[in-house]
Each structure stands twice: as C-alpha cells, then as structure tokens.
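Student: can't give you the sequence, but here's the structure:
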C-alpha cells in the first residue's frame with residue numbers, strides 16, 4: 001500500500017522493471033509464506049479455520065469446559081463430527097462471484113497463450129509491457145491472497161493515503177521544475193521528452209491514473225470519516241486533515257499533469273462522490289468543502305505558474321485543466337467563490353440543526369447522523385437524473401460534432417469532440433487498426449483472443465510502415481485497456497476481467513449488504529473494538545471509488561506493471577471487505 005507507489009531504483013530509466021520485480025518478489029514471498037504455514041498446519045494437525053463464528057463458539061465452549069481444554073482436541077472433535085463434502089462442493093462453498101470471474105479470466109489467459117501464434121511472447125509479454133501469462137498468474141495469486149487473508153485496518157488506509165500524498169506533491173513539484181530528487185534536469189537542457197515523466201510513476205498518463213485513484217479514495221475517506229474511540233479525538237482530527245490535504249494535492253496533481261485523461265478523474269470525483277456524500281447532511285457539507293478545495297488548487301496552480309514564468313511545463317504540453325488555470329483564472333475564481341459560499345451556507349445550516357439535535361430521533365433524521373437518512377434516497381435519485389440528462393447532452397454534442405455537418409462550431413475543442421485518426425493523440429487511428437485485426441480473427445480467437453501482449457506484434461508485422469508514414473510512430477498497445485483485453489483475451493477474457501471488476505465494485509460499495517455493514521459497524525463500536533473494525537465498510541467504499549475511476553480512465557490509458565498492482569490491490573481489498581463483513 002505504501003512502499004510500491006514510491007519504489008524506484010534508477011530514476012525513470014528502469015521504472016517499469018523496478019516496480020515489476022518489486023511486485024513479483026513481494027508476491028512470491030507472501031505466497032511461499034502462506035503455503036509454508038498451510039503445510040505446517042497440516043503436519044501438526046492444527047489447520048487454521050478462518051471462521052469467526054467457529055472461534056466465538058470455541059471460546060464459549062472453553063468457558064464451559066474449563067481453561068485446560070485443548071484447542072487441538074476441540075478441532076479434532078469438530079473435524080470428526082463434520083460430514084465429508086465433495087471437493088467441488090467444498091470449493092463452491094468458499095467461492096464468491098468475484099472468485100469465479102477471476103478463475104474464468106485466468107483460464108482464458110492460459111488458453112489464449114497456449115493457442116497463440118506467438119506463445120513465448122504471450123507467456124512473458126516481452127513484446128508489450130511485460131504483462132504476459134506469467135505475470136497475470138501472479139496478479140491472480142495476489143488477488144487471492146488479499147481477498148481471502150487480508151483484514152482491512154484503518155491505519156493501513158492511512159499509510160496508503162500518506163503515500164499518495166507524497167506521490168502527488170512530487171508530481172506538482174515536477175510541473176514547476178522543482179523535482180525533489182533532481183531527476184528532471186533534462187528540462188534545462190531543452191529535452192521535451194522530460195515532460196512526459198513525473199513523480200514516482202514515470203509516464204504522465206499513468207501518473208494521472210494513480211492520482212485519480214488517490215483523489216477518489218482520499219475524498220471518500222474524508223466524507224465518510226467518523227470519530228474514533230474515546231480518547232482518540234486527536235487521531236480523528238489528524239485523519240480528517242490528512243484525507244483533505246491528500247484529496248486537494250491529488251486534484252492539484254491532476255491539474256499540473258500533462259494529460260487530458262485528468263478530465264475523467266475530475267468528472268468522476270464531482271459526479272460520483274455525491275452518491276456517497278448524500279447519505280448524511282454532514283457528508284454533503286464535507287463534499288462542498290472538497291469542491292472549494294478543488295477549485296482553490298486550480299487558482300493556486302495558476303498563481304504559481306504566472307509567478308514562476310517560464311519554469312513551467314512547456315505550453316504545448318499543457319492539459320486542459322492546466323490551460324484553464326493559467327489562461328482563464330476568472331472562470332476558476334468564480335467557481336471557487338460559488339463553491340465557498342455553498343460550503344458556508346451548508347455548514348451554517350448543519351450547525352444550526354446539530355445544535356437542535358439534543359439526541360432526539362427526529363433531529364437525527366434531519367442532520368443525517370443515522371445510517372438511514374430519510375433524504376438520502378430522494379437526493380440520490382435527483383442527482384442520478386441530472387447525471388443521465390448531462391450524459392445525454394454530451395452524447396448529442398459528440399454526435400453533432402462528428403455527424404452534424406458543421407464541425408466548425410466545435411473547432412476549439414476538436415481534439416476532444418471530433419473523432420478521427422488524430423483523436424486522442426492518434427488513438428483514433430490506433431483503435432481502427434485494432435478493430436481491423438479483430439474482424440479478421442476466426443471465431444475461437446474472437447472468444448479467447450490473440451494472447452497477452454501480442455497486439456504490438458500485429459501492428460509491427462502488418463502495419464509497421466503505414467504507422468510510420470501516418471504519424472511517424474509505432475504502437476505496442478491500443479492505449480485502451482478495454483480494447484486491449486478484448487483483443488488479447490477475447491470476449492470470454494473481457495467478460496472474466498470486467499466481471500471481476502464489477503463484483504469488486506459491488507462488494508466495495510456495499511450494494512446488497514447495507515444492513516450487514518451497518519450492523520457490523522454498530523457492533524464494533526458497541527464492543528469497544530475501536531475505529532479499525534468500524535471503518536471496514538468505509539475502506540471498501542474508498543477502494544471501490546479508486547477502482548471505479550481507474551476503470552473509467554483506462555478507456556484511454558495503457559495497462560502496465562507500474563499501476564496494475566494498485567488495481568489488483570483495490571479489487572482484492574473490496575472483496576476482502578465483503579468477506580470480513582458477511
């Protein structure tokens with residue numbers, strides 16, 4: 001959670017290999033340790049049960065039979081009394097829907113590799129970004145270890161957020177040529193390529209994906225944070241400050257980045273966080289405070305940029321957010337003032353209602369201290385309706401820009417709205433090549449794909465010179481994860497991977513287990529177990545938001561070992577939250 005995002009060995013020269021081997025070695029070590037403990041348990045006859053109800057029952061039995069009762073004897077009696085079940089039934093009993101989708105994806109990856117024309121390249125991924133069958137086996141092993149054995153803790157989340165703060169501040173400093181480690185000295189020598197690398201993630205598009213994950217996770221933690229146990233008020237206040245500063249730093253990092261992919265993360269934060277914030281009046285107030293902080297960072301970026309003069313990322317590398325901050329500060333100032341006034345009004349209303357509360361049920365229904373705030377559902381329905389309306393408007397604008405017959409109206413935003421070969425830094429041309437190859441696939445290859453990391457082989461073999469003539473560049477990735485999984489693992493692999501993502505989001509957001517999560521939280525607080533257990537549902541929500549924004553942004557991004565381990569972590573934690581609550 002904390003070490004991987006910051007791990008590097010030789011500046012940006014081998015950042016992908018460094019993080020890849022860090023993930024591999026740590027995952028292999030964890031797998032060997034777990035396997036060793038399992039073998040030791042089988043040899044000694046004391047296997048780990050891993051079931052909370054069984055532990056509680058054994059505790060009650062020990063109280064009845066006396067402290068000298070042996071745990072080994074109890075487990076032996078239970079194992080002798082329990083009826084033997086068929087292996088498949090036993091496996092099915094411990095499998096969640098997410099596990100089945102993960103198994104489907106892994107099977108398809110192995111089949112795709114075995115049937116590929118380039119088996120060696122598909123297994124190792126050496127013709128792409130090294131995410132071949134071998135690495136995907138370890139990704140699934142990492143997911144299995146996290147989702148089955150990990151117990152979410154609040155302080156673990158604090159470490160994850162703190163690491164994100166360091167990553168984002170580093171990226172901000174790079175934007176203004178103030179790298180803390182001096183790794184961007186190429187700026188001063190006139191190398192424009194240096195602007196494509198930043199912070200501890202390297203590629204600016206990948207950094208934008210990471211900052212988006214930190215933005216949503218920290219914002220969700222800030223909105224949903226609750227007071228810790230008695231005597232820990234200072235810890236609660238520290239966490240609020242940490243989450244708020246990290247959320248603002250992540251937003252500023254997105255503004256300072258050189259990637260328009262940041263627009264997706266910003267849109268996700270503004271559009272999707274209210275569905276969580278609307279659970280209480282306090283959540284709405286905190287969301288308004290976040291908006292004010294977001295727009296303030298844009299003002300701050302513009303102010304620093306003008307103050308630094310030429311020591312800023314070169315003009316033609318600017319993203320849309322940095323351009324707005326630098327060239328249209330009046331727009332940002334207006335948004336900041338409006339959001340600040342909204343925050344002030346909502347805060348005043350909440351404080352008035354909170355003073356009238358006096359621990360009565362009726363007043364709690366107004367402020368939303370209860371988990372079931374009566375205004376939550378109507379507000380979410382209204383917000384969802386507005387979101388659907390906005391989506392329809394955007395779809396119509398995109399259609400009109402491409403087929404309406406008057407593209408001159410959209411000329412200022414041609415790079416975003418007009419879909420042609422040059423769209424999205426030549427992604428339009430790249431995607432057309434992908435669909436041309438996919439249409440020519442036989443049926444079996446459309447089902448299981450061409451093999452992991454083999455897209456670059458197709459472009460090199462069939463269209464190498466055409467790519468050079470068109471844009472003087474070659475592609476080893478479609479720069480679209482959705483299409484990459486469709487092409488390399490086929491329709492079945494696509495269903496397996498995004499079925500896993502969907503189940504993880506379902507588990508993290510707590511859909512279908514609202515009452516269970518509320519009961520778990522309230523019981524943890526009543527039992528005096530502190531904020532760690534009570535925060536488990538909130539941790540799931542935070543990682544679900546991080547996974548959601550990454551999945552959206554991956555539609556225009558590449559999949560590489562620099563960021564995918566964080567995605568595997570998010571998926572695993574969301575499923576682990578499900579296992580720890582129900």
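Tutor: Sure thing, it's come through. It should be emphasised that the depicted structure is a prediction, and the values quoted were computed from it without experimental measurement. Numbers count the residues shown, from 1 in each chain.
Student: From here on, just use CA atoms for contacts and neighbour counts.
Tutor: OK.
Student: Tell me which helix or strand in this structure has the weakest average pLDDT.
Tutor: Least confident element among the helices and strands of the chain, by mean pLDDT, DSSP states H and E: helix 52-65 (a mean of 42).
Student: Kindly state the domain boundaries assigned to the protein.
Tutor: What automatic domain parsing lists as the domains of the chain is 101-149+420-544+559-582, 151-277+280-370.
Student: Which of the ones you listed sits closest to residue 24?
Tutor: Set against residue 24 and scored by Cα to Cα, the domains of the chain come closest in domain 101-149+420-544+559-582, at 7.3 Å.
Student: average pLDDT across that closest one?
Tutor: The average pLDDT for domain 101-149+420-544+559-582 rounds to 88.
Student: repeat for stretch 6-13
Tutor: 80.
Student: before we move on, what about stretch 397-404?
Tutor: Stretch 397-404 comes out at a mean pLDDT of 86.
Student: got a list of contacts for it?
Tutor: 406-407, 409-410, 417-419 (Cα atoms under 8 Å, 6 or more residues apart in numbering).
Student: Go ahead and measure how far it is from the middle of the chain.
Tutor: 31 Å (Cα atoms, centre = their mean, to the nearest Å).
Student: got it, and stretch 460-467?
Tutor: On Cα atoms, centre = their mean, the centre of stretch 460-467 falls 34 Å from that of its chain.
Student: Buried residues, it. List them.
Tutor: Of all the residues in stretch 460-467, those buried under the rule 16 or more other Cα atoms under 10 Å are 464, 467.
Student: how much space between residue 270 and residue 510?
Tutor: Distance, residue 270 to residue 510, by Cα to Cα, to the nearest Å: 21 Å.
Student: neighbour count winner among those two?
Tutor: The neighbour count for residue 270 versus residue 510, taken as other Cα atoms under 10 Å, is higher for residue 510 (22 against 14).
Student: mind checking the backbone torsions on that one?
Tutor: phi 80, psi 20 (degrees, to the nearest 10).
Student: residue contacts, it?
Tutor: Per Cα under 8 Å, 6+ apart, neighbours of residue 510: 517, 537, 540-541, 578.
Student: between the residues you listed, which is closest to residue 141?
Tutor: The closest of the contacts of residue 510, once distances to residue 141 are taken by Cα to Cα, is residue 578, at 18.3 Å.
Student: Assess the claim that the closest one and residue 509 are in contact.
Tutor: No: at 9.6 Å, residue 578 does not count as touching residue 509 under the criterion of Cα atoms under 8 Å.
Student: would you list the domains of the chain in JSON lines and tack on distance to residue 32?
Tutor: JSON lines is the format used below for these (distance: least, Cα to Cα, whole Å):
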{"stretch": "domain 101-149+420-544+559-582", "distance to residue 32": "11"}
{"stretch": "domain 151-277+280-370", "distance to residue 32": "19"}
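Student: nearest to residue 1, of those?
Tutor: Nearest of the domains of the chain (Cα to Cα): domain 151-277+280-370, 5.0 Å.
Student: And the closest one, how far out from the chain middle?
Tutor: The answer for domain 151-277+280-370 is 15 Å, by Cα atoms, centre = their mean.
Student: Who wins on neighbours among the contacts of residue 510?
Tutor: The contacts of residue 510, ranked by neighbours (other Cα under 10 Å): first place residue 540, 31 neighbours.
Student: Just to check, that residue is in contact with residue 504?
Tutor: No: using Cα under 8 Å, residue 540 is not in contact with residue 504; the gap is 9.2 Å.
Student: elements contacting the helix or strand hosting residue 573?
Tutor: Element membership for residue 573 (DSSP states H and E) is helix 564-581. Contacts defined by 3 or more Cα pairs under 8 Å, 6 or more residues apart in numbering; DSSP states H and E place helix 564-581 against helix 133-149, helix 481-509, helix 514-526, helix 536-553.
Student: Deepest in the core, which of those helices is it.
Tutor: helix 536-553 (a mean of 27; mean count of other Cα atoms under 10 Å).
Student: Just want the angle from it to helix 564-581.
Tutor: Interaxial angle, helix 536-553 versus helix 564-581 (axes from the mean of the first three to the mean of the last three Cα atoms, to 10 degrees): 150 degrees.
Student: Not counting its own residues, what contacts helix 536-553?
Tutor: By Cα under 8 Å, 6+ apart, helix 536-553 touches 152-154, 157, 209-210, 212-221, 224-225, 261, 264-265, 268, 501, 504-505, 507-510, 517, 521, 567, 570-571, 573-574, 577, 581.
Student: Pull the distance from that helix to the chain's centre.
Tutor: 5 Å.
Student: which residues touch residue 219?
Tutor: By Cα under 8 Å, 6+ apart, the neighbours of residue 219 are 243-244, 247, 273, 290, 542.
Student: In stretch 263-281, which residues are buried?
Tutor: Quick answer for stretch 263-281 (16+ other Cα under 10 Å): 263-266, 268-269, 272-281.
Student: Same question for stretch 566-582.
Tutor: 566-581.
Student: Out of these, the closest to residue 340 would be?
Tutor: Checking these one by one against residue 340 (Cα to Cα), the nearest turns out to be residue 570, at 32.3 Å.
Student: so who does the closest one touch?
Tutor: Residue 570 makes contact with 543-544, 546-547 under the criterion Cα under 8 Å, 6+ apart.
Student: can you list those residues in a markdown table and add distance to residue 172?
Tutor: Formatted as a markdown table, the contacts of residue 570 follow (distance: Cα to Cα, whole Å):
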| residue | distance to residue 172 |
| --- | --- |
| 543 | 23 |
| 544 | 25 |
| 546 | 20 |
| 547 | 23 |
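Student: just the residues you listed now: which is nearest residue 303?
Tutor: residue 546 (29.3 Å).
Student: how close does that closest one get to residue 217?
Tutor: From residue 546 to residue 217 the distance is 5 Å (Cα to Cα).
Student: Same question for residue 178.
Tutor: Distance from residue 178 to residue 217, by Cα to Cα: 27 Å.
Student: These two: which is more packed in?
Tutor: residue 217 (30 against 17).
Student: I would like the residues contacting the strand or helix carrying residue 469, please.
Tutor: Using DSSP H and E, residue 469 falls within helix 455-471. The contact list for helix 455-471 (Cα under 8 Å, 6+ apart) reads 127-128, 426, 433-434, 437, 473-478, 484, 487-488.
Student: Kindly report the same for stretch 112-127.
Tutor: Contacts for stretch 112-127 (Cα under 8 Å, 6+ apart): 130-135, 445, 448-454, 456-457, 476, 488-489.
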